[in-house]
Every structure is written in structure tokens, then in C-alpha cells.
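Undergrad: just to be clear, the model below is a prediction. Sequence and coordinates:
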Amino acid sequence: MLKTKIGIAVLVLIFLGVMYKFLVNQEGVDQTYLLPSGFEGCVVIHYNVDGAKPLKIENNEIVYKVPESGILYTSSPSDFGWVNEKHSGAYQLRAFYVDEKGEKIEELPQEKIRFGANGASQEEGKPEKHYFYQIFGSEEIENKGCPVLSL
């Protein structure tokens, strides 16, 4: 009888530990931006765009290949890669300058990775458009803000 109670208690503890790991202590995915060499300014990611390529998570990382314009379009939802509805759980945010072939040539220091935010806009009678923007560069660049460009 005592062995049964101990066995049940161990199973309950294991179950609670697994639930804690999956529901409370979840790690987010890393996010890496590959920027054209010398890029400074705003990267805007437009979500839920019909016909655009979906984002991918590979090796617990989302890689954003940023064009010269700084504007990315994806068919993925705006909460792609998020741990839960309230928190992205982003684990590590990094950015690299890349050459014309897409090869990394320099990692941006963390102080050059500036403010980023989610947002949405809606025109009357049209569906809501979701976006995220991330600013890269100096404090002066950040102070200029980020004009969110329409689709």
C-alpha cells in the first residue's frame, strides 16, 4: 500500500514538472536578421500577406532575410514563433550584415539593435493588417522613428 502511494506521488510530481516546463517555463525562438551591408533604419514585417512565403523555424531560430527596402512580407500570422498569446518569448535577438551572396560579414553590436514593436492598421471596410518593426542603427536613427509602409 505504501509503495503504491509513493509511486502515485512520484508520477504526480513528474506530471507537474512536465506541465511546468511546457506551460510556464517555455523558451521562445531566437530571431536573427540578415541585413544588407551598411543598412540602418527600420525593418517592417507585414504578416498574413496572401501569396507571400511563410516564415520557418529551423534549429529554434527564425531568420529574416531583409531586402534593401527593409520591407518583408510573409503569409505567416503575426504570432508566429510566440510562446503564448501575451509573450513572444524571444530568446535571443541578433543581426548581421551580409554581402551580396547572403554571407555574414559582421555582427551588429547589441546597442545597434534598437526599439521594435508590434502594430496593426485598418482601413474602413478592409481587414486589419498586422506588422512588426525593428529599428537598427544609432540613437539618432531610432529617434527618427519608423514609418510603417502600407502594402
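TA: Alright, I've got the coordinates. From a predicted model like this one, the values you see are computed outputs, not experimental measurements. Numbers count the residues shown, from 1 in each chain.
Undergrad: low-confidence stretches in the chain?
TA: 1-27, 82-90, 148-151 (pLDDT under 70).
Undergrad: element containing the residue nearest in space to the middle of it?
TA: Centrality entry for the chain: nearest residue to the mean C-alpha point is Gln31, 5.3 Å, by Cα atoms, centre = their mean. Taking DSSP states H and E as the criterion, Gln31 maps to strand 30-36.
Undergrad: show me what that strand is packed against.
TA: For strand 30-36, the helices and strands in contact under the criterion 3 or more Cβ pairs under 8 Å, 6 or more residues apart in numbering; DSSP states H and E are strand 61-65, strand 93-98, strand 129-136. Any C-beta I mention is one placed from the backbone N, CA and C, and that applies to glycine too.
Undergrad: and among those, the most buried is which?
TA: Looking across the helices and strands packed on strand 30-36 with neighbours counted as mean count of other Cβ atoms under 10 Å, the highest average goes to strand 129-136: a mean of 21.
Undergrad: so after that strand, what's the next helix or strand?
TA: Once the chain leaves strand 129-136, the next helix or strand it forms, by DSSP H and E, is helix 139-144.
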